[in-house]
Every structure is written in C-alpha cells, then in structure tokens.
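[1] show me the folded form of this:
(chains A and B)
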Amino acid sequence: MADLIIENLTIKYGGVTAVENLSINVPSGEFLTLLGPSGCGKSTTLFAVAGLNHATSGIIRVGDRILFNGDSKAAVPPERRNIGLVFQSYALWPHKTVADNLAFPLILRKMGKSERDERIKEALGLVEMLPYAERYPFELSGGQQQRVALARALVYRPPLLLLDEPLSNLDAKLRERARVWLRELQERLKVTTVYVTHDQSEALAVSDRIAVMSMGRMRQLGSPREIYETPADSFVADFIGSSNFLGARMIESGADHALVELGDGTRLTTAPGRAAADGSLVVAVRPERISVATAEGPNTLRAKVEQKVYLGSVWQYVVRSGPVEFRIQTTFEIDAPEVLLHIPADACALFSEKPVGN
Amino acid sequence: MTDLTDAGAGRPAFDRSRLIFWGVSLLTVVLVFGPILPIFIQAFLDKPLYDADAGFTLGNFGRLFSEPGVGRIFLNTLYFGALTMAVAQVFGAVMAVLVGRTNLPGRRWMGEVFIWPLFVSNLVIAFGWFTMYGPSGFITLASRTYLGGAPWNLYSVTGMGIVAGLSQAPLTYLMCLAAVTKADPQLEDAARSAGAGPFRALWSVTIPMIRPAMIYSAVLNFVIGIEMLAIPLLFGGPSGIQTVTTFLYDKGINAAVRPEYGIVGAAAILLLIVVALLVWLQGRLMQGAGRFVTVRGKASRPSTLDLGPWKWAAFAFVFGFVLLTILSIFGGIFLRSVVTFLTPLIPIWKVLTTGNFELVLSSETYVRSIVNSVVVSVVGAAIGTFFIVVIALIARRSEFRFRRPLEYVALFPRALPGIIAGLGFFYAVIWMPGLDAIRGTIFVLILAFVVRYIPVGFGAIAPALAQIGEELDRGARISGADWWTTVTRIILPILKPALFSCYALLFIHFFKEYVTAAFLYQPGSEIIGTTMLQLVAQGDNGPVSALATIQVIITALFVFLARRLLGAKIYG
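    Take a look at the predicted model:
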C-alpha cells in the first residue's frame, strides 16, 4: 500500500491542453474517484499515472517512488510501475485462458509455478471466479470478464489500483450490484484506488473522495456529501445531481446569510455567497429540495404548473412564476394549476455565474 | 493483499525494444534505398559504376533522348499502360457487379475461376495467349480454317494492351467485388424505401461506392502496365515494338557487347519517377475516400438482383470471357505441354508426348530452377513475413519516434518496378564491397523479392493489426511486459491468421516472380521464371509449357493446402 501524489500535472497534445496543473494527494488505502463529463481529462490523468500517456510537466509519485518528473524528463515505463489497471473494455487477452491471463504478469515477475498457482487461486477466489479458471474470455459474460480483469490487475499485488470506467459496459442492474461488491473488495484489500467514471451516482456510491473535473481542471475535491451538498461552483452544482439555476440580484450580503431578489420580484433568504461585480448572480437549488407549502411565509412563492412528467418514484413539474422557470419534484401528484412553494434558505447556493454550456 | 516489496517485472540489462526499433528501421532504409542509390549514381556517371575512373555527367539523359526511336518507346509505353488500364477496368468492374450482386447462373464457380490469373505470373499468361492466339496459335489457326479469318493481331501495341488488360481484369474485379458485396445493405434498402427500383438502387447508391476501388485499381493497373515485361517482350519482340521495360531489359542484359549502363540508369530513373508520381497520385485521389466507407454493424450481405430473362445473356457474356481469356489460356498451356506440336489441323492424339516433361526433368538446370523456386518461396516468404510483421508492429504499435517515416519507407517499394528493383540490387551487389559473396546466389533473390513485396505483406497484416484493440497491449505493458514481450506474447498469437495469409501471399508472389530476378540470377541460381524467360527467347515452347504447367500445379497445390490447413485468406 502506498499513497499516490500528483503535483502540478499538465498534459498537452500539440496545442491542446488535456490536463492543466492538477494536484491530488491520494492517501494510502483511499478510494478516490475522478468524475467529469467526457473529454474532461480524467482518463488522460489515469493513463498518465499508468505511464501509458506522456505527461508534459509535473510530478507523479507512488510512495517515495517517482514515476514521472517533468523537470528531469524522467518517466518510468509502464511495465516498471507495478500498478494494477482495469480497462473499460477489460482487455483480456483472447488467446489465453482466465488462468493464463492471470499467470502472465506473474511469469513476467519470474515467479515459480507453485507460488503462481497459489496467487492465481487467491485472486480468482477474491472475485468469485475460481470455477472459470480454464475458460477463455469469449466464453464469459460481461460481468464475469469484468471480474477477471480486476483479478488480473490485483494478482501481482500492486500498491495502486487504477480503474477506467470498469462498470460502464454492464447493464444497469448488474452495475449497481458490481459497485457495491467492488467497494467491499477494495475496503478488504485496502489498496489505494483511483477510479474514473462519468456516472455521478456511481461516484457518490463508491468513493471516499471525489475529484470533479472539467476541461482539464479540477473543480472540486471532497467527500461525496460535500460535493453534493456544497458544490464549489455552478459547474459542480450542475454536473452532480441536477439543479435549477435562477437568475437573481443581490440585495443584502451578510456573513451568515444573503438576501436576493429573483426576476419575478420574490425575495429569498439564502446561504451566503458572492455576486458578480454588477450585483447579478444565480441561485442554484435542487428540484427535490423545493417543497409544496401550506401557508405563505418567508422564502415562499406562487408558481403556475406548466408541465407534468411521471417518473415512477416521483413526479416532476416545470413551474413558472413570471419570468422565472424551474423544476420541482414531489412524491405526490399536484392537480391544481397553481402551487405555493417553499425554497429553504440552506437549499440555495449562490454563484456569480451560470454553468458554462447551460 | 498488496505490498510495496513487490517491485515490477525484472528490467532487462539494456533496452532491447529501442535496439529493435533502430535496427529494423536501419535495415529497412538500407534495403529499400540501397538498390535505388546505385541506379541514381549510375545515371550521372560516364562510365560503369564499378569503374574507378568514372566521372560526373549529365550526358546520359542526352544520349537517351537522342537514341533512335526513344520517343516511340515512351509513347508505346504510355499507350500500352493506358489501354491495359481501360480494358481491365471495364471488364473487371462489370464482372464484379454481375458476379457479386446478380443471380447470374454459375456465378460461384466463375467467380472462383476469375481470380486464377492472379496466382500465376504474366509471363505464363503471355505464353498462354501466344499459344492460343499468336500468329500460329491454336485458336488463330482454328478460326482461320473454320471461320475463314482471325481478325486479331497480338503483335501490335493495341493487341498487347488488350491482352494485358484482359489479364489484369481479375485485379479490378477483386477490388470492386469487395466494394459491391461489402456495401451496407441498409443503404440500398433506404433507397428502395425512398422509391428506387432494385436496379436504380444498385446504380445510384452502390455503384458510386465502388469509385475508390475503381480509382485505386485503375492507377495500379496503369502502373502494372507500364512496368510489365512479359507481354511486350513476347509480342513486341518479334515485330520490333519496344516499351521502356523491354528497352531496359535489352540494353541491360542482352547488349553484352556494348553495355550501356549510363543510358539504362537514365531510363530507369525516368521510369521510377513516373511510377512514383502515379503512386503518389493514387494516394492523393484516395484521400477523402472515407465518405465511401460504409459502416457495417451486422454481417449481412446485400440482396441479389434478379436479372430476369437477361440472366442468360449475362451468362453468355461472363462465360465467354472466362472461357476465352482464362480457361483457354490455361488449357492451351497444359495442352501444349503434352504434345509435340499444337495445331487444330492434326488430331491431338497423334501428337501426344511426354517428351516435354522428360526434357525438363532430365535437365539439371531446369530441375534446379524448380527446386530454387520452391526454396526461394518457402524460405523467402518466411523471412519476409517475419520482417514485415516486425515493421508493421513498430509502425503501428510502438512509441518509436520515427514509426511514421518507417512506414513510408517500407511502403515505398510500391513505386519500385520489378525490373528496376532487380537492376538496383544487381548494381548494389557489384558496387558495395563485401556483397560479392552473395552475388548470383538465391540469397540475393530472396532479399530483392522481400523488399519488392513488403507492401503486399504489409497490406495483409495492417488491417488485421488494426482489429486488435490497443488496450490489449496496454494491459500487457501495465502487467509488467516490455514492448517486445508484449508484441511477441500477446499480439503475434492473436495475429496468427494474418501471418498465414501474409506468408501465403508472399509465397505466391515469390513463386511467380521473374522480372526482379532477370538481372540477378546466374547459372546455379535460376528460378522457374528466369528459365522460362530464357527458353521463350529461344523459342523452345515445349519445355516452356512443361515448366509453366509445373509452376501452375505447384501453385494450385499450395493455394489449396494454404486455404485448407492454414485457413489463409488469399484474395478474398
């Protein structure tokens, strides 16, 4: 076990900067997820740690061992890094049986036959694939292949495990089971793990900490709860879960609260935050935090129900109050054309600008 | 279960991957440019290359152009090449559509017969045409006797061009066939539901998609035409018609009395430049061919068009073509090999003989040329396959800094006509000190053949390599394997079918080769092709036909075995 340290990592391809000045410290045994939309640089970062990409500058270290140093242009080739990596496509070698797939890295490490067999048995046992040792990859289901790929990455006991969207090729039900199982296994082995995904619910479910990335930069690093409840900026608020972004104007900015005015004239007391130079801002509020109120009071407003969608476990509505349009979620059906809503102050986060591309 | 004491795989004492990258690249550059350099130098020297007194001159080009009839020779070459291309394209494309997409009766076996000519050299084909359609050929005489005339004359540039075109049609056919049968059937279905009839859908949607195949094979056939030796030599020789290749051949080999290396060098350079330009043009024309690439999800075949009553007319056309230009040619060669004298005027059984084969098998030289051909093909194809696959792996699956340039250099021999490759190796072997040891051995033949056919082998391996996901390499690297271990333990085993196909293709090309060897062989290192070339020049048609028959039989056996035992894909 070892910690992974990434310092000021920058990766450029020609004129394009894929990753910019990224610094993350992953303590030994932690499960860290790199989360972001496609093209945000998360896989690029992961493959740079594996040595399969060339970083431009910065430092990558596992424990005391420097794997990449941009200053001295020193890069350890991937085969010397001793890192476990599970690919999105699993990358099981089709001409080798499951056992031979696991044996290959051990043979490369010049391990004797008896010790090798022991390790293979142990690793296959961990992923509950022992009965399939003599099968070929094409004879396995997607879920089974995924387990074998994980066993192959663990069989040589690397101090660091990298996972590149390992569950994305599984169907939805299996994916949910697999992530619970994956997390349990990681906790048991206490192997430092970096996990890449674009699926926020997966990230929230498995991670100790999440690094949200966008356009090559890290936007926020924190526990799943911090990321979800106190997003650092409007991008994170938008990407994690779903948020309404309501245009507003700052009326009063205090140390523990703020008072803003929406486009329809409604005044809301919110958590503190900063507005842009001209006093404009956006209020981010999640649809499920808005509730139907029984009586007028602070932070309430009347809105017309414009659209109604039944989603099974909840109802979702698009409602409008003057120029302000937003979504709400309820567990019951609303029949009235108009509804009185309450937006709690602690459900509102203030940002000076809207998320890009929204 | 994790611990730090487990370091990665043991590091080799030196970085062998880099050694392989550089070694193979260097070897490729030397092998590809080695034979071209001496030709270039020779073109600007006033004396032979090996003469220490030789000095720089531009006079060779002047002398070449003042040579009587040189203008004629260049015109002949261009006309011959253009006619070859035109005839091959028209017949090849029509056959591909008829065989690939219609309910033509007998299309399966006729489609199979159609690619036979690709397995044998155009020397054999030319000899077959000569036997059947020459001035005293079997069909010519039969036509004169029974129909009162034979309105063809092979001994003209037009006649030569038509023969060459008909014998190159299979190449066009093969490329267009792939395009019409692999087209996404949904595209035609979409046209059908938009209101097009079945013929209209084929004509407006699928036929335009064979354009890249047409352009590619058109340039290829033009190049093959202008660098072809056998047909101009056999048919042009007697009537004094020359093309650039026969000029090079005559001046280079036959003019022993007055060796004119300077002129030969100058003419070779011009031919090389023209061919290189054409290959470059081909690359330019193929750019943007992506819009013709159809994406296929499922392995489905486009529907077959019902020709209705026209199918018998189509059958007559295709069968006539197969009968007159393929079956009769092969039949003529076989027939000629078992008679003393082939003519429709004397019943065959009166002239039957085993004499031709006895003559071939009792002659030490002829037997040796057969043995040499087999050895060159068996061993050469193995060496070639290994060399080419390593080049392909470096070019496509390594981090070597110069992998792109390596691929360009390796594919350059596409622009290297066989006669020039042969001439170049011939010069290089005399010129480079130390190479005298391999002069006139089959080793130099293997070397020259391998270089000439790197692009053929590369073409068999590269697409298969592209099918293997890069994560398989990456998975091996991260598991602790260096580059060489990765490609040998992971990639090569998966690539096995493509390696067999590459081997089979190289074997066939080496076995039928004659042009490249024409300047390189010496008594002791003859191959079937060079021996036949010699015998044809002497007019010894009996042993030629026997040798050709033996060559065809061995090839057929090899193709059969390679397909059955190795599952090799040879031409579809």
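
[2] can you give me the neighbour number for A:Gln88?
    A:Gln88 has 18 neighbours, counted by other C-beta atoms under 10 Å in any protein chain shown. (C-beta placed from N, C-alpha, C; glycine too.)

[3] same question for A:Val16.
    Applying other C-beta under 10 Å, we find 8 residues neighbouring A:Val16.

[4] and for B:Gly480?
    Here the number of neighbours of B:Gly480 (other C-beta under 10 Å) works out to 26.

[5] again with the one 4 residues further on
    One way to gauge burial is a neighbour count; for B:Trp484, by other C-beta under 10 Å, it gives 18.

[6] quick one: it and B:Ser17 touch, right?
    Yes. In this structure B:Trp484 lies within contact range of B:Ser17 using C-beta atoms under 8 Å: 5.3 Å.

[7] any stretches of the stretch 451-572 of chain B with poor pLDDT?
    B:572 (pLDDT under 70).

[8] low-confidence ranges, the stretch 201-350 of chain B, go.
    In the stretch 201-350 of chain B (pLDDT under 70), the answer is B:253-259, B:287-303.

[9] where along it do the helices fall?
    Taking DSSP state H, counting those that start in this stretch as the criterion, the stretch 201-350 of chain B carries its helices at B:207-209, B:211-226, B:230-231, B:237-239, B:244-249, B:261-286, B:310-322, B:328-337.

[10] most tightly packed of those helices?
    helix B:230-231 (a mean of 27; mean count of other C-beta atoms under 10 Å in any protein chain shown).

[11] what's that helix packed up against?
    Where contact means 3 or more C-beta pairs under 8 Å, 6 or more residues apart in numbering or on different chains; DSSP states H and E, helix B:230-231 is packed against helix B:122-133, helix B:157-182.

[12] okay, the ones you listed in CSV with distance to A:Gly143, mean pLDDT and mean neighbour count next?
    As requested, the helices and strands packed on helix B:230-231 are exported to CSV (distance: least, C-beta to C-beta, whole Å; pLDDT from 0 to 100; neighbours: other C-beta atoms under 10 Å in any protein chain shown):
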stretch, distance to A:Gly143, mean pLDDT, mean neighbour count
helix B:122-133, 57, 89, 27
helix B:157-182, 34, 86, 23
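
[13] output these in JSON lines; the columns should cover distance to B:Arg396.
    Shown next, in JSON lines, are the helices and strands packed on helix B:230-231 (distance: least, C-beta to C-beta, whole Å):
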{"stretch": "helix B:122-133", "distance to B:Arg396": "32"}
{"stretch": "helix B:157-182", "distance to B:Arg396": "22"}
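
[14] out of those, which is closest to chain A?
    Among the helices and strands packed on helix B:230-231, helix B:157-182 comes nearest to chain A, with 24.0 Å by C-beta to the nearest C-beta.

[15] immediately after that closest one, which helix or strand?
    helix B:185-193 (DSSP states H and E).

[16] mind listing what's buried in that following helix?
    By 16 or more other C-beta atoms under 10 Å in any protein chain shown, the buried positions in helix B:185-193 come out as B:185, B:187-188, B:191-192.

[17] closest to B:Ile383 among those?
    Among the buried residues of helix B:185-193, B:Pro185 lies closest to B:Ile383 (C-beta to C-beta), at 42.2 Å.

[18] which of the three states applies to A:Pro158?
    Following DSSP: H, G, I helix; E, B strand; the rest coil, the label given to A:Pro158 is coil.

[19] just give the nearest non-adjacent residue to it, would you?
    Among residues not flanking A:Pro158 along the chain, A:Gly84 sits closest, at 4.0 Å (C-beta to C-beta, 6 or more residues apart in numbering or on different chains).

[20] before we move on, back to that, out of the helices of the stretch 201-350 of chain B, nearest to A:Val196?
    helix B:261-286 (37.7 Å).

[21] so what does the closest one touch, helix or strand wise?
    When contacts are defined as 3+ C-beta pairs under 8 Å, 6+ apart, helix B:261-286 sits against helix B:36-43, helix B:59-66, helix B:211-226, helix B:244-249, helix B:418-431.

[22] quick one, which of the ones you listed is nearest to chain A?
    Once the helices and strands packed on helix B:261-286 are compared by C-beta to the nearest C-beta, helix B:211-226 is nearest, at 29.3 Å.

[23] list the contacts of the closest one.
    If you take C-beta atoms under 8 Å, 6 or more residues apart in numbering or on different chains as the criterion, helix B:211-226 is touched by B:77-78, B:80-85, B:88-89, B:92-93, B:161, B:164-165, B:168, B:171-172, B:175-176, B:178-179, B:243-245, B:271, B:274-275, B:278-279, B:281-282, B:285-286, B:289, B:292, B:417.

[24] mind putting the helices of the stretch 201-350 of chain B into JSON lines with distance to A:Ile240?
    Shown next, in JSON lines, are those (distance: least, C-beta to C-beta, whole Å):
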{"stretch": "helix B:207-209", "distance to A:Ile240": "47"}
{"stretch": "helix B:211-226", "distance to A:Ile240": "47"}
{"stretch": "helix B:230-231", "distance to A:Ile240": "73"}
{"stretch": "helix B:237-239", "distance to A:Ile240": "82"}
{"stretch": "helix B:244-249", "distance to A:Ile240": "72"}
{"stretch": "helix B:261-286", "distance to A:Ile240": "47"}
{"stretch": "helix B:310-322", "distance to A:Ile240": "66"}
{"stretch": "helix B:328-337", "distance to A:Ile240": "73"}
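
[25] so which elements touch the helix or strand bottoming out on mean pLDDT in chain A?
    Every helix and strand of chain A was ranked by mean pLDDT, DSSP states H and E. The lowest is strand A:74-75, at a mean of 85. Contact partners of strand A:74-75 among helices and strands, from 3+ C-beta pairs under 8 Å, 6+ apart: strand A:65-69.

[26] show me what the strand it packs on pairs with in its sheet, parallel or antiparallel.
    Strand A:65-69 has the following sheet partners, assigned by DSSP bridges: strand A:57-62 (antiparallel), strand A:74-75 (antiparallel).

[27] what comes up buried for the top helix by length along chain A?
    Counting residues, the longest helix found in chain A (DSSP state H) is helix A:172-189. Within helix A:172-189, the residues scored as buried using 16+ other C-beta under 10 Å are A:175, A:178-179, A:182-183, A:185-186, A:189.

[28] make CSV out of those residues and add distance to chain B.
    Below are the buried residues of helix A:172-189 laid out as CSV (distance: C-beta to the nearest C-beta, whole Å):
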residue, distance to chain B
A:Arg175, 20
A:Ala178, 19
A:Arg179, 20
A:Leu182, 15
A:Arg183, 16
A:Leu185, 10
A:Gln186, 11
A:Leu189, 5
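
[29] I'd like these as a markdown table, with pLDDT appended.
    A markdown table is the format used below for the buried residues of helix A:172-189 (pLDDT from 0 to 100):
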| residue | pLDDT |
| --- | --- |
| A:Arg175 | 86 |
| A:Ala178 | 88 |
| A:Arg179 | 88 |
| A:Leu182 | 90 |
| A:Arg183 | 91 |
| A:Leu185 | 89 |
| A:Gln186 | 90 |
| A:Leu189 | 89 |
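
[30] in CSV, list the residues you listed along with distance to B:Val205.
    Listed next are the buried residues of helix A:172-189 as CSV, based on distance: C-beta to C-beta, whole Å:
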residue, distance to B:Val205
A:Arg175, 40
A:Ala178, 44
A:Arg179, 46
A:Leu182, 48
A:Arg183, 52
A:Leu185, 53
A:Gln186, 53
A:Leu189, 57
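
[31] quick one: name the residues of the stretch 1-150 of chain A near chain B.
    The stretch 1-150 of chain A comes close to chain B at residues A:1-2, A:47, A:50-52, A:63, A:77-85, A:87-95, A:104-105, A:108-110, A:122, A:126, as judged by C-beta under 8 Å from any C-beta of the partner chain.

[32] in helices only, show me those.
    Among those, the members falling in helices are A:47, A:50, A:104-105, A:108, A:122, A:126 (criterion: DSSP H).

[33] of these, which is the most crowded?
    Most surrounded of those: other C-beta under 10 Å gives A:Pro105, at 27 neighbours.

[34] look up how far B:Arg284 lies from that residue.
    Relative to B:Arg284, A:Pro105 is positioned 46 Å away (C-beta to C-beta, to the nearest Å).
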